[in-house]
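> Here is a sequence with its predicted model. Questions after.
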Amino acid sequence: MIRNVSRGLAGDTVPFTDRDYSKGRTSESTSIQFGTHHELTHFVVLEGLNNFEYDIKQGSNVIEQGTFTADFSRAERTRDRSAICSDEKYCRNSENTPLKDCKNVRTRSRCYCPDKPGDTFIRDSRW
């Protein structure tokens, strides 16, 4: 059992995670999320230094207790993707109206990323 006892956490229940090691040397997985309130599906931490208390149990017997600290920071990951775009003119009032008869011609760019097939986006602007 690990409890986050850092100052700045809100609510009556401190964030905790209770992992089971009964199936070998590794525990169940733990999902960690930044926040200030305890959630059932995520182990909540604050950005910066966090203080933790832990209990290691065998059955119902506590065989070790202690404290530790861990520093958490956000790391944004970005990836440059070059989109390929093509421009097309269309009639804003009706896509079936020929451009020569249209009073509201617009241009839109239809773009896609070569590394994500099927993922397209459209930019629409007044012509």
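Perfect, thanks for sending it.

> Let's see the pLDDT reported for the one residue sitting closest to the centre of the chain.
Geometric centre of the chain, nearest residue: residue 33, 9.0 Å, by Cα atoms, centre = their mean. On the pLDDT scale, residue 33 is placed at 90.

> for residue 7, same thing?
So, for residue 7, pLDDT stands at 90.

> quick one: it from residue 69, how far?
12 Å (Cβ to Cβ, to the nearest Å). Every residue, glycine included, has its C-beta placed from N, CA and C.

> and if you look at residue 91?
In terms of Cβ to Cβ, residue 91 sits 64 Å off from residue 69.

> what's the answer for residue 107, then?
Distance, residue 107 to residue 69, by Cβ to Cβ: 57 Å.

> more crowded one of these two?
residue 107 (13 against 9; other Cβ atoms under 10 Å).

> those strands in this structure, which residues are they?
2-4, 16-17, 32-34, 43-45, 48-58, 61-72, 84-91, 105-112, 120-126 (DSSP state E).

> Of the ones you listed, which is nearest residue 23?
For residue 23, the closest of the strands of the chain is strand 48-58, at 14.8 Å, according to Cβ to Cβ.
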